[in-house]
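**Q** One predicted model, sequence on top.
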Amino acid sequence: MKNTVYIYTRDLKRIFTNWAMIIIVLTLMILPSFYAWFNIKASWDPYGRTEGIAIAVTSEDEGATIRGQHVNVGKDIIATLKKNKTLGWTFVSKEKADHGVKHGDYYASIVIPKDFSQKLGTVLQDRLEKPVIIYKVNEKINAVAPKITSKGASSLTQQISEKFVKTANGAIFSVFNELGITLQRDLPTIQQVEQRIFELENRLPEIKKVINEANDTTQKAGAIVSKAQAALPEVERLTADGAQMTQQLNTFLTKSDQVLKNAEPTINETLQRVQQRALGVQELKNQLMEKDIAPAEVSAAAEQLKVQLTKQIADTGEILTLLTDLNALSQQQVLSPVINDVKDVNKLLQQQLSDVNSLQQQTQNGDAPTQSVLDRFSSRTDQVVSKLNTLTNSYSSTIVPAVEQAIKEAKDKTASANSLLEEANKSMPDVSNVLSKTASGILLGQQELAKITKDFPRIEQNVHNIADKIREFQRKENIEDIINLLKNDVQKESDFFAKPVLLKEERLYPIPNYGSAMSPFYTTLCLWVGALLLVSILSVEVADEERFKSYEVYLGRLLTFLSIALVQAFIVTLGDLFLINTYVVDKVPFIFLGLLCSFVFMTIVYTLVAIFGNAGKAMAIVLLVLQLSAAGGTFPIQVVPAFFQAINPFLPFTYAISMMREVVGGMLADIVRKDVTVLLCIWLGVLLVGIFLHKPLSKTSAKLTKKARESKLIH
């Protein structure tokens with residue numbers, strides 16, 4: 001170990017005591033940094049400066065007339081691009097565009113054909129044709145530029161599509177909006193139509209029945225009309241006799257008026273008699289309700305009640321008969337309320353009689369009357385008395401006027417009938433003529449009914465189908481919801497369907513520019529390049545090597561190389577941060593991890609050269625080339641060929657770039673720990689190879705180098 005330190009300190013002394021060596025070493029320390037800084041700064045924001053990429057634009061669109069309005073979409077596109085500064089849009093003729101693209105004056109060209117607007121307008125026709133934009137690109141000028149110009153062309157077509165969709169949707173939704181307003185205005189009518197259809201469907205059996213009956217009726221009507229025509233002379237005689245008869249009937253009613261009026265006291269007397277008997281029944285009811293009444297007394301009272309109730313039922317029956325006859329004379333049925341009241345009384349009396357029979361049956365069996373029967377009988381008795389009191393009290397005010405009204409209406413009917421018969425007698429000639437025409441009409445009706453009967457099954461099926469469709473629509477949809485949808489804001493709906501989905505970008509680890517995002521790759525790369533420069537300029541051999549052991553020579557000179565390499569890393573990382581202002585979240589870890597990368601890379605490159613000589617330098621360069629493609633520094637490792645994906649886990653760049661990216665964007669400790677661990681394992685493995693295999697392998701490579709030097713082509 002002492003000799004190792006000796007070799008290291010001697011190297012430092014020789015550097016610091018030789019001004020030329022100081023210049024060379026300082027140059028070697030600083031020079032790799034420029035590689036990183038220039039590349040980072042050059043790629044700082046390449047996609048933000050695309051306005052210098054020239055793209056020739058030509059519009060040959062002749063326009064089109066769509067629904068009476070002339071449109072020229074190509075002209076609109078040119079006007080839009082003139083305001084767009086994302087790319088170097090240059091507006092030239094088609095010939096100049098083609099020549100410019102071929103000779104590299106323009107990276108690409110866009111030509112809008114003559115029929116662009118015309119084909120775009122076919123959306124309103126049955127035969128659709130998609131419009132085409134011709135895009136030409138010269139890919140030999142630059143590898144990246146075609147990708148940028150292609151993105152610009154794609155963006156242009158997307159903008160045209162979005163604008164077209166938005167415009168078309170606006171027109172469509174304007175129609176929908178008007179339709180929604182119309183539907184809302186006519187919604188009551190629509191609902192009424194639906195209801196009428198359902199009613200029609202429900203009445204189809206009735207309609208069918210009516211049609212069948214109408215068929216029968218028209219046939220019968222034809223027969224009746226024929227008979228009427230045959231019987232018309234007899235009708236003329238009868239109408240004459242009828243007029244005379246109504247006159248006689250009117251005279252009869254006038255004479256009977258006094259007789260009918262005499263019926264009023266009879267009704268009144270009968271009602272009063274029924275009322276008195278009801279009061280008697282009420283007294284007997286009170287006896288029955290006594291708690292200590294003997295069964296014999298109950299039986300006797302029940303017998304009396306049966307007699308009274310039977311008479312009451314008979315009396316109310318007589319009143320009902322008389323009132324019903326009188327009511328029949330009245331067109332307005334004025335006595336109907338009174339008749340209903342008397343019927344109620346008669347019904348209650350019959351129920352009372354049934355209750356009395358039940359009481360008598362119980363006493364005959366030796367049982368005491370049940371309280372439920374007594375209560376029911378008592379309630380009905382009170383109801384009878386109440387209703388009879390009402391009838392008696394309202395007799396003069398209700399029954400008498402109603403009887404008089406019935407008589408008056410009967411007389412009026414007779415007078416009216418007499419007048420009608422006289423008129424009918426005068427109209428007999430007209431009737432004869434009408435019957436003749438009616439016979440012809442019935443014949444025509446029979447013919448039309450036959451057609452209706454034949455078509456009815458088809459009509460019936462159509463009505464069922466319409467009703468089923470309405471029910472199906474109501475089950476799945478709500479017309480009010482549809483109206484609300486159609487009435488929505490036209491502009492908002494058009495915008496929605498033009499861009500139905502918005503991309504909400506959440507940047508977990510935002511890096512403001514492309515150069516900063518590439519700094520892990522370029523910084524790592526420059527540290528490897530720095531190691532290559534050192535082994536290319538400085539010798540890995542010690543002048544008096546035979547004085548020391550092989551591993552002492554290896555470790556002693558390694559310390560010298562590592563010291564210079566660490567200064568290289570310190571300069572490049574500080575320059576990244578403070579000279580070109582690279583965006584780095586974790587600045588201190590960025591510096592220390594840069595030192596670690598340089599430490600590992602220098603050990604790898606130095607060991608290769610120390611063991612294999614010039615061949616080791618070639619190996620280091622080959623390893624650099626492989627890492628450029630397989631470490632995922634530029635393109636994602638998933639998009640490179642399978643060979644590079646296979647060697648990716650074994651390359652130092654893979655872990656160096658990964659941990660440097662972590663501190664640039666925002667460090668996750670577990671990822672950094674894994675990457676640092678792998679790099680330290682690689683370093684340890686390389687160090688052990690250098691210590692133990694330096695002597696045997698270097699002897700072999702020394703012979704190869706000596707033989708090669710004999711060619712006088714290498715040093």
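**A** Here it is on my side, so go on. Numbering: from 1, shown residues only.
**Q** Next up, the contacts around the closest residue in space to Gly530 that isn't next to it in sequence.
**A** Nearest residue to Gly530 in three dimensions, chain neighbours excluded: Pro32, at 3.3 Å (C-beta to C-beta, 6 or more residues apart in numbering). Yep, even glycine has a C-beta here, placed from its N, CA and C like the rest. Taking C-beta atoms under 8 Å, 6 or more residues apart in numbering, we find Pro32 in contact with Cys526, Leu527, Val529, Gly530, Leu533, Gln568, Val572.
**Q** change it to 10 Å
**A** 523, 525-534, 565, 568-569, 571-572, 598 (C-beta atoms under 10 Å, 6 or more residues apart in numbering).
**Q** Okay, and which of these map to helices?
**A** Among the contacts of Pro32, DSSP state H puts 523, 525-534, 565, 568-569, 571-572, 598 in helices.
**Q** Phe521 - nearest residue in space that isn't next to it in sequence?
**A** Counting by C-beta to C-beta, 6+ apart, the residue nearest Phe521 is Gly633, at 3.7 Å.
**Q** hang on, that neighbour in a strand?
**A** No. Per DSSP: H, G, I helix; E, B strand; the rest coil, Gly633 lies outside any strand segment and is coil.
**Q** neighbours around it, how many?
**A** 22 (other C-beta atoms under 10 Å).
**Q** isn't it right next to Pro652, touching?
**A** No. Using C-beta atoms under 10 Å, Gly633 is not in contact with Pro652; the gap is 11.9 Å.
**Q** Name the residues contacting each of these two.
**A** Common neighbours of Gly633 and Pro652 (C-beta under 10 Å, 6+ apart) are Thr524, Gln627.
**Q** which stretches of this structure form strands?
**A** Along the chain, counting by DSSP state E, strands occupy 54-59, 64-66, 69-71, 88-91, 108-112, 134-137.
**Q** any chance of the ones you listed in JSON lines, with mean neighbour count and mean pLDDT too?
**A** Converted to JSON lines, these look like this (neighbours: other C-beta atoms under 10 Å; pLDDT from 0 to 100):
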{"stretch": "strand 54-59", "mean neighbour count": "23", "mean pLDDT": "85"}
{"stretch": "strand 64-66", "mean neighbour count": "15", "mean pLDDT": "76"}
{"stretch": "strand 69-71", "mean neighbour count": "11", "mean pLDDT": "77"}
{"stretch": "strand 88-91", "mean neighbour count": "16", "mean pLDDT": "82"}
{"stretch": "strand 108-112", "mean neighbour count": "24", "mean pLDDT": "85"}
{"stretch": "strand 134-137", "mean neighbour count": "17", "mean pLDDT": "81"}
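**Q** just to revisit the earlier point, with Ile621 as the reference, measure out to the residue nearest to Phe521.
**A** Distance of Gly633 to Ile621, given as C-beta to C-beta, to the nearest Å: 17 Å.
**Q** Same question for Thr381.
**A** 131 Å.
**Q** what's the answer for Met21, then?
**A** From Met21 to Ile621 the distance is 25 Å (C-beta to C-beta).
**Q** Which residues does stretch 668-679 contact?
**A** So stretch 668-679 is in contact with 509, 586, 589, 592-593, 596-597, 599-601, 649-650, 652, 654-663, going by C-beta under 10 Å, 6+ apart.
**Q** Of the residues you listed, which count as buried by neighbour count?
**A** 586, 589, 593, 596-597, 599-601, 652, 654-663 (16 or more other C-beta atoms under 10 Å).
**Q** what residue ranges in the stretch 451-600 of the chain score low on pLDDT?
**A** Scanning the stretch 451-600 of the chain for pLDDT under 70 picks out the ranges 469-507, 543-546.
**Q** sorry, that was for the stretch 1-150 of the chain
**A** Low-confidence segments of the stretch 1-150 of the chain (pLDDT under 70): 46-50, 66-67, 121, 123-126, 128, 139-150.
**Q** Any idea how many residues pack against the nearest residue to Leu687 once chain neighbours are set aside?
**A** Nearest residue to Leu687, sequence neighbours excluded (C-beta to C-beta, 6+ apart): Thr603, at 6.1 Å. The tally of other residues near Thr603 (other C-beta under 10 Å) stands at 23.
**Q** One more: Arg547?
**A** With other C-beta under 10 Å as criterion, Arg547 counts 12.
**Q** List the contacts of it.
**A** Asn3, Tyr6, Ile7, Val553.
**Q** So which of those sit within helices?
**A** Reading helices off these with DSSP H, I get Asn3, Tyr6, Ile7, Val553.
**Q** Name only those of those residues that count as buried.
**A** Among those, those that count as buried by neighbour count (16+ other C-beta under 10 Å) are Ile7, Val553.
**Q** Looking at the ones in helices among the contacts of Arg547, which is nearest Lys208?
**A** Val553 (119.3 Å; C-beta to C-beta).
**Q** Surely the closest one is in contact with Glu541?
**A** Yes. Taking contacts as C-beta under 10 Å, Val553 lies within contact range of Glu541: 8.0 Å.
**Q** Spell out which residues make up each domain of this protein.
**A** 2-41+514-709, 51-175+492-498, 233-426 (automatic domain parsing).
**Q** Quick one: closest of the ones you listed to Asp216.
**A** domain 233-426 (24.6 Å).
**Q** average pLDDT across the closest one?
**A** Taken as a whole, domain 233-426 has a mean pLDDT of 70.
**Q** now do stretch 665-684
**A** 92.
**Q** can you check stretch 617-634 too?
**A** The model assigns stretch 617-634 a mean pLDDT of 86.
**Q** Give the burial count for Val338, as a bare number.
**A** 22.
**Q** Quickly name whichever of the ones in helices among the contacts of Arg547 is closest to Arg203.
**A** Nearest to Arg203 among the ones in helices among the contacts of Arg547, with distances taken as C-beta to C-beta, is Val553, at 116.3 Å.
**Q** give me the number of residues near the closest residue in space to that closest one that isn't next to it in sequence?
**A** Leaving aside its sequence neighbours, Val553 sits nearest to Val542 (C-beta to C-beta, 6+ apart; 4.9 Å). Val542 has 17 neighbours, counted by other C-beta under 10 Å.
**Q** how about Val542, what does it touch?
**A** So Val542 contacts Ile7, Arg10, Asp11, Phe548, Glu552, Val553, Tyr554, Gly556, Arg557 (C-beta under 10 Å, 6+ apart).
**Q** now Val274
**A** Residues in contact with Val274 (C-beta under 10 Å, 6+ apart) are 308, 311-316, 318-319, 342, 345-346, 349, 384, 388, 391-392.
**Q** Mark which of the residues you listed are buried, thanks.
**A** 308, 312-313, 315-316, 319, 342, 345-346, 349, 384, 388, 391.
**Q** Now render the residues you listed as a markdown table, adding distance to Ile40.
**A** Below are the buried ones among the contacts of Val274 laid out as a markdown table (distance: C-beta to C-beta, whole Å):
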| residue | distance to Ile40 |
| --- | --- |
| Gln308 | 127 |
| Gln312 | 124 |
| Ile313 | 123 |
| Asp315 | 126 |
| Thr316 | 121 |
| Ile319 | 123 |
| Val342 | 117 |
| Val345 | 117 |
| Asn346 | 118 |
| Leu349 | 119 |
| Val384 | 117 |
| Leu388 | 119 |
| Leu391 | 118 |
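**Q** Of these, which belong to helices?
**A** Per DSSP H, these map to helices at 308, 312-313, 315-316, 319, 342, 345-346, 349, 384, 388, 391.
**Q** what about Lys454, how many neighbours?
**A** Around Lys454 there are 9 residues (other C-beta under 10 Å).
**Q** what about it, distance to Arg203?
**A** For Lys454, the distance to Arg203 - C-beta to C-beta - is 20 Å.
**Q** Now for Ala610, how many residues are close by?
**A** Neighbours of Ala610 (other C-beta under 10 Å): 23.
**Q** same check, this time on the one 3 residues further on
**A** Using other C-beta under 10 Å, Gly613 has 20 other residues around it.
**Q** In contact with the closest residue to Ser358 other than its chain neighbours, which residues?
**A** Excluding the flanking residues, the one nearest Ser358 by C-beta to C-beta, 6+ apart is Val373, at 5.3 Å. Neighbouring residues of Val373 by C-beta under 10 Å, 6+ apart: Leu288, Ser354, Asp355, Val356, Ser358, Leu359, Gln361, Gln362.
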